[in-house]
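Asker: structure, please.
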Amino acid sequence: MLGFYRVGLVGNVERVWGEMEKFGCEASGYSYSILMAAYCEDRKMGEAVKLWEEMGIKGLKPDYVAYNTD
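Answerer: Numbering: from 1, shown residues only. Below you'll find the model as predicted:
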């Protein structure tokens, strides 16, 4: 996810996220942070907020990456 995010391929970050869910892989706080950052850069703030809220529901604590996502 990080590699796709770094080169601006938000669609691929979303695709990897979907594959993780499909295969039952639990996303970490860091994974959430990467997808949130990708959404923010793609100006999808509503999607980023949904992820932030989902993290809270799942009991995941935001790390410094999540807090520094703009």
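Asker: need the contact list for the most centrally placed residue in the chain.
Answerer: The chain has residue 35 as the residue nearest its centroid, 2.1 Å off, counting by C-alpha atoms, centre = their mean. Residue 35 makes contacts with 1, 13-14, 17, 51, as judged by C-beta atoms under 8 Å, 6 or more residues apart in numbering. For every residue, glycine as well, the C-beta is placed using N, CA and C.
Asker: before we move on, what about residue 53?
Answerer: With C-beta under 8 Å, 6+ apart, residue 53 has no contacts at all.
Asker: quick one: it from residue 62, how far?
Answerer: 11 Å (C-beta to C-beta, to the nearest Å).
Asker: thinking again about what came up before, quick check: which element contains the residue nearest to the centre of the chain?
Answerer: helix 29-41 (DSSP states H and E).
Asker: what about the chain, any weak spots by pLDDT?
Answerer: Where the chain drops to pLDDT under 70, the residues are 64-70.
Asker: which residue is most remote from the mean position of it?
Answerer: The C-alpha centroid of the chain is most remote from residue 23, which lies 17.0 Å away (C-alpha atoms, centre = their mean).
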